[in-house]
Each structure stands twice: as structure tokens, then as C-alpha cells.
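# requesting a structural model of the entry that follows:
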Amino acid sequence: MDSSKLHVAILSSPGMGHVIPVIVLGNHLATIHGVQVTILVITTNTSHEECQFLKSVTLSSLVHIIALPQVDISSKITPKTAIVTQLCMFAREALPEIRSTIASMNRKPDALIVDLFCPSSIPIAREFDMPVYVYSPTNAWATTLFTYCHVLDKEIDGEYVDQEEPLRIPGCKPLRPEYVPDPLLDRNDQQYHEYLNLGIEFTQSDGILVNTWEDLEANTLEALRENEILRSIVKVPVYLIGPLTRPVEPDSLKSDISSWLDKQPTDSVIYVSFGSGGVLSAEQTNELAFGLELSQQRFIWVVRPPLDGGLTNSDDNLLDYLPEGFLNRTRELGLVVPNWAQQVEILGHPSVRGFLSHCGWNSTLETIRASVPMIAWPLYSEQRQNAAMLTEDICVAVNPQVLPTKKVVGREEIEKMVRKIMQGKEGQEMRNKMKELKFSAENALSHGGSSFNSISKVLEEMKLKAQLPIPQ
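Numbering: from 1, shown residues only. A predicted model of the protein is given here:
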């Protein structure tokens, strides 16, 4: 390892949705800024998908991945233990392994970056006299809510979703109660308190890195920099360093998907996927199938067994949970893919014009960089807040009249939304807006752009602390 280069360790919590953003960050630091990166991944006894991904991902020669020994919390949880609680427990349980792994490195890291569920590791960085930063792989608005919710906890009585007025964060867009993230839905659940503590711990770092860029969230950034009330809560600097997304890997599409897309006209296909963890009910799966069929638009649909279907993730079960005759009737119209597909490559294909998405932030950024308008279909976590931004602020998505988590979206409404973004004037306006955002994103990451400069500033701070030379 080159002792003249900055060495940064990045800690990831378990789960594909957390591992991928950390690897993207590590690769970016290595390929664009020449940083030596060691990625520490907390693994569990169910981390098979992440481990396969880690083996297959293309990495810079400057990036090294260490899968930490498996963490077992099975004796401390019940089937009702919420996901945020579990992630925080995994992070705390892994602390001895994190400490011993760093201590055993031939060359200690010059700095530590932890993902949003791992700020419990901040004291370890202090032990090794390393600056430590939190990486929030979401937008600035959601991150600000994260850091401010312990204040709302004291200001608001009762459940947030029952409030008649929006939740107000100084200087930021108010958040409608129905859009609050899952951890804030039940103030009696342990994950609510874990969420509050995470937000407090964020501000005990040396800075917060956020996967967004200035032009997209100028108002929120101004509040974080200028609003006196907010600055008294979030005292550490916030750096917007995105949008960091997975690159397109040549020839990575399965042959049947790529060959099918190649045969479709330009701008004619809607891509439908709900991310690595998104699952619909059997009734909603049925309505979505009929809605796609009624729209008569070409589609690629990544289908998972329904939440209440009692089925396994076997490809052989497709016929069991899709409407009778659906695959035959839509054989010339669409392609149904079981469980998973190469999303970045699909979105970037010239035949794809729209995306029906769960609005996870990774998917949102990938969609912006592909200039594809969206149907916002949030399911969990901060996805409802992301959907609000997409539909109300930057106006690149349409959404159902009622949140899909509250009511089954009917086939006629699905048909109407699909036709709107695929054929209508409104869909073309959204596409034009997406192209502007893509251009803005590329400028932010280019040399001298806002995100490039923001990352460079953080790296200079790390080098100063480590007493490494800073290029003039």
C-alpha cells in the first residue's frame, strides 16, 4: 500500500441497499481522487446476496473489501423486531470485529467513513485518532429530517401521521404527515428511538456526506448552511457529494433481456421494478398486471412473489401468482423477469422511456442519470419522502391518488399513469426536465463542479489530519 496516498476505510451495514452505495462511494474515491479504500462490510447469516455481489463487482485496484465475520443477533430479536432496530443491533454487535480489524491492518486508515446505520463506530475512530464522517446515501431533505427528528420528538404530541399540519424543519420544505419514514410511524417502537439516536450520532462526527448535489437541493443546502436554528442542531459541516451511481457495465445484461430490448422501438418500453426489498400483495400484483396489459405499452417487469402469496423465489412459480393467461396475452408486448435484473443497464437502453419505481434513492439517481420519467410507487423507509420530492418539487414523476401502502391501486389508474408518462405531453415535459437534471448532475461531478469540489475539500481535511502532502 502506497504510504503517500490517503487511506480511507468505509464501513457498511448489511443489506444490498447499503452495500451498493458504499462500494460506489469507494470506487469513486479511488478512480476519480486516487484514494486507497478499504471497505468493511458487516455480514450476517443471511448475507448470501451481498457476498455474491461482492465477488462479482468490478473494483478499482485501489479498493479492497473485507467481509467482517458474521454477526448473529437471532437471540436478541423477535419476528416483530423492525428493520432499523436490527440494523443498529448488527452495527453494535460488530464493534469488536471492527475495532480488531482496523487494529490488525498493516497501515491504519487515515480516516473512517461510516454508513447511516453505523455511527455507533464513531468512538472507534476516536480511539485510533482518525477523523470520522457519516455517509448518508440519500438526499439532503431526508438527511436533515434524520438529524432534526429528535427536536420534533419534543415539539409534537401524538403520532406524526395523525398530525393535521405538516412537520416543519427550519428553512426546509415541510413534510406532510403521510410521507414520514417508516421508523417515525410508531413512537412506541424501539426503531423510533434508534432512529432518533442515529440522527443525534450523525452530528457527533466530523461531517456528513450526502449523495445529492447543490442544484437539486439548493434550498435545503441553504438552510443547512444559513438557518440559525438548524445550524444549532447540525453543527458539523454537510457535504453534498453526489449523485454517485453504479456505472453501466458493458455486456452485463442477460442475453434474453438485451436482445428483447434491442428489438423494441426507441422510447417505447416502461421498466417496472420495486428494488431489492420491494414486495407487493397478491391483489396488488394482480392489478398491476392488468394495468400494464390495459395500457398496451411495452414493458419489462421484475416480478417477485407476493407478500401474502406463500410462495418461494422460484422462477417456476410465475404462472401461480400472475393472472391466468397474462403471460400468453402479453407475449408480444412485455417481458417478465423473475426477482432481479440489471437495472442501470435497462434504464440506459434507448428503448426505455419510463420507470415505475419504489423511489429508493439509489434507483432515483440512476433514473435521473438515464433521463427517464417515473411513476412514483413508494413502499417503505424514506421512499414516500423521495416520492414527494419527485412529484411536487422537481416534477419528474406522477403518482397514484392514494399512497400504495394505504390502498390497492386499481388497474384503470395504473393504465392511466403508464399512458401519461409514455405517450402524453406531460410525460414529454418530465423527460425534458430529466435531461436537464442529468446535465446538472454531470456538471456537479465533473472537475471543478460543486460535488467534485465538496469531495476534494473533505479529502484535503483528511490529508491535513494525517499530515500527508496536498497537491498544489
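# tell me the domain boundaries of the chain?
Following automatic domain parsing, one finds the domains of the chain at 7-246+441-466, 255-440.
# could you redo those domains as CSV and give each row mean pLDDT, mean neighbour count and distance to Met1?
The C-beta positions use only the backbone N, C-alpha and C, and glycine is treated the same way. Listed next are those as CSV, based on pLDDT from 0 to 100; neighbours: other C-beta atoms under 10 Å; distance: least, C-beta to C-beta, whole Å:
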stretch, mean pLDDT, mean neighbour count, distance to Met1
domain 7-246+441-466, 94, 19, 5
domain 255-440, 92, 19, 30
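# so which elements touch the lengthiest helix in the chain?
The residue-count maximum for a helix in the chain (DSSP state H) belongs to helix 425-445. With contacts taken as 3 or more C-beta pairs under 8 Å, 6 or more residues apart in numbering; DSSP states H and E, helix 425-445 sits against strand 352-357, helix 361-370, strand 397-398, helix 411-423, helix 450-466.
# between the ones you listed, which gets nearest to Gly26?
Among the helices and strands packed on helix 425-445, the nearest to Gly26 by C-beta to C-beta is helix 450-466 (12.4 Å).
# please tell me how far the residue nearest to Pro137 when sequence neighbours are not counted sits from Ile113.
Excluding its sequence neighbours, the residue lying closest to Pro137 (C-beta to C-beta, 6 or more residues apart in numbering) is Pro21, at 3.6 Å. Counting by C-beta to C-beta, to the nearest Å, the separation of Pro21 from Ile113 is 11 Å.
# residues bridging contact with the two, i.e. touching both?
Contact with both Pro21 and Ile113 is made by residues Tyr135, according to C-beta atoms under 8 Å, 6 or more residues apart in numbering.
# would you mind giving the orientation angle of the helix or strand hosting Val272 with respect to helix 411-423?
Assigned by DSSP states H and E, Val272 belongs to strand 269-273. Counting by axes from the mean of the first three to the mean of the last three C-alpha atoms, to 10 degrees, strand 269-273 lies at 130 degrees to helix 411-423.
# from Asp182, how far out is Ile169?
To Asp182, Ile169 is 18 Å away according to C-beta to C-beta.
# so what's the closest residue to Ser440 other than its chain neighbours up against?
With sequence-adjacent residues excluded and distances taken as C-beta to C-beta, 6+ apart, Ser440 is closest to Asp215, at 4.5 Å. Going by C-beta under 8 Å, 6+ apart, Asp215 touches Ser440, Asn443, Ala444, Ser450.
# nearest to Lys425, of the residues you listed?
For these, the closest approach to Lys425 (C-beta to C-beta) belongs to Ser440, at 23.0 Å.
# wait, doesn't that closest one sit right on Glu214?
No: Ser440 is beyond contact range of Glu214, at 9.1 Å (criterion: C-beta atoms under 8 Å).
# before we move on, the earlier item: where does the residue nearest to Ser440 fall, secondary structure wise?
Under DSSP H and E, no helix or strand contains Asp215.
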